[in-house]
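# What follows is a predicted protein model with its sequence.
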Amino acid sequence: MESVLELDEAKPTILKIGGSVITDKNGELAARTEVINRLAEEIQKANTRRLVIVHGGGSFGHPTAQKYGIKEGLREETQKIGFAETHHVMTVLNGLVMDSLVWHSVPAVSIMPSSCIITKNGRIKTFDDAALKMLLGMDFVPVLYGDAVLDETLGFTVLSGDQLVAYLAMKFNAARIVIGVDTDGLYDADPKTAKNAKLYTHLTLSELEKVKSRLAGSAAVDVTGGMLGKINELIPVVAQGIPVAIVNAAKPNRTYKALIGGSVEGTLIEKE
Ligand code: IPE
C-alpha cells in the first residue's frame, strides 16, 4: 500500500531534523556540514509554506547534557557551567544550521527555546510564542531546537526537540509533521542492531500504540529517549488527527519528497 501525505497549505508543517542526521553522534561536537547543506537545499527546493523547523542536538547537546546531569535538574553549583555549556553548544549547532539555510535563500529566523520556554517537571509550561506566530504569519521560517531550559520544579532540564515538535504541532494545529531521522523510518526493532528489523510503511494510531512497547531506545548517547521518546511524544499528536511522516533525512531527497507531499518513502502514521 502506498502511503500518501496530504497537503494543506494554510496550516503549518513542522519539520524535525534529528541530531543523528546533522551530527556524528559517536563523536563530540561533530557536525555533518555536507548533510546540513544538502538538507538546506532540499528545504529551499520544496519551498513549503508555513514551515517551522526544529533540530536536535546530536553530538553537540547530548554529551554535555549527560556529563553534567542537566536533564535531572539542578542539584549542585558545579552543574551551572554544564547548563551554560549545553545551551551554548546548541547555539553553535544552530548557527551552523542557520548559516546553511540563509545562504540557501531560506528566510529562516532562529528562535532560542531557552529564552521563551519554561518547563515544569520536564514538560513545557509556558511558551512565549508571539514572535514565532508573527514570523509564521509573515512567511518566515522559524527554526527552534532541543535546548537546555529553565524548569519551575527542577531548576533546569533538557527540552527535547521531539517534545517541542509535538507541542508546536498541537498548539498551531499543524497540517503534518515530517521527522527526519537516520534510519529509513520506524522499525519493529532497532535496525542498527537487529538484522531482521522490519520497516513499517504505514501505521494507524492503535498500531503505533502496539509497537511502542517493542521499540528500544537508540544505541548512542541520547538523554532524551531515542525513538521510544519520539513515539511517546507523537501519540497525542496523531490522536489529534495530525499525520506524521518519518523519513531518512540522511538519504538525499527523502525529506524533500515528504515536504512536497504525496507518497512518503518511510513510515506514515495516521489516526486511522
Ligand atoms: C536534545 O535535543 C538537545 C540537548 C541535548 C540539549 P533532541 O533530543 O531533539 O536531539 P536529538 O535529535 O535526539 O539529537
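Cool, the structure landed.
# in this structure, which spans are helices?
Assigned by DSSP state H, the helices in the chain fall at 19-22, 33-46, 58-68, 79-103, 113-116, 130-137, 161-171, 205-212, 226-239, 254-260.
# Please enumerate residues in contact with the lowest-mean-pLDDT helix or strand in the chain?
Ranked by mean pLDDT, DSSP states H and E, the weakest helix or strand in the chain is strand 4-5, scoring a mean of 74. Residues from elsewhere that reach strand 4-5, judged by CB atoms under 8 Å, 6 or more residues apart in numbering: 176, 243, 245, 258, 261-264, 268. In short, each C-beta sits where N, CA and C put it, glycine included.
# Could you say which of those is surrounded by the most neighbours?
Most neighbours among the contacts of strand 4-5, by other CB atoms under 10 Å: residue 258, with 30 neighbours.
# Can you name the residues that contact that residue?
Contacts for residue 258 (CB under 8 Å, 6+ apart) come out as 5, 178, 245, 247, 264-266.
# Roughly how far does it sit from residue 39?
12 Å (CB to CB, to the nearest Å).
# ok, now residue 112?
As judged by CB to CB, residue 112 and residue 39 stand 21 Å apart.
# again with residue 138
With distances taken as CB to CB, residue 138 is found 23 Å from residue 39.
# next one: residue 106
10 Å.
# Of the two, give the one with the bigger neighbour count.
Using other CB under 10 Å as the criterion, residue 106 and residue 39 rank with residue 39 on top: 27 against 22.
# hang on, that one packs against residue 180?
Yes - using CB atoms under 8 Å, residue 39 is in contact with residue 180, at 7.3 Å.
# Spell out which residues of the protein are next to the ligand.
18-20, 56-58, 61-62, 65, 86, 90, 146-148, 158, 160-162, 222-224 (CB under 6 Å from any ligand atom).
# which ones are touching residue 251?
Neighbour list for residue 251: residue 184 [criterion: CB under 8 Å, 6+ apart].
# all numbers from here: first residue = 8
Sure, I'll start numbering at 8, so the last one becomes residue 258.
# In CSV, list the C-alpha atoms belonging to stretch 241-257.
Extracted in CSV, the C-alpha atoms of stretch 241-257 (Å, rounded to 0.1, in the frame of the first residue of the first chain):
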residue,chain,number,x,y,z
LEU,A,241,3.8,11.6,18.8
ILE,A,242,0.9,9.5,20.2
PRO,A,243,-1.2,12.5,21.4
VAL,A,244,-0.4,14.4,18.1
VAL,A,245,-1.6,11.6,15.9
ALA,A,246,-4.7,11.2,18.2
GLN,A,247,-5.5,14.8,17.3
GLY,A,248,-5.5,13.9,13.6
ILE,A,249,-2.1,15.3,12.6
PRO,A,250,-0.3,12.8,10.3
VAL,A,251,3.4,12.1,10.9
ALA,A,252,5.9,11.1,8.2
ILE,A,253,9.2,9.6,9.4
VAL,A,254,11.8,9.6,6.7
ASN,A,255,15.5,9.0,6.3
ALA,A,256,17.0,12.5,6.2
ALA,A,257,20.5,11.1,5.8
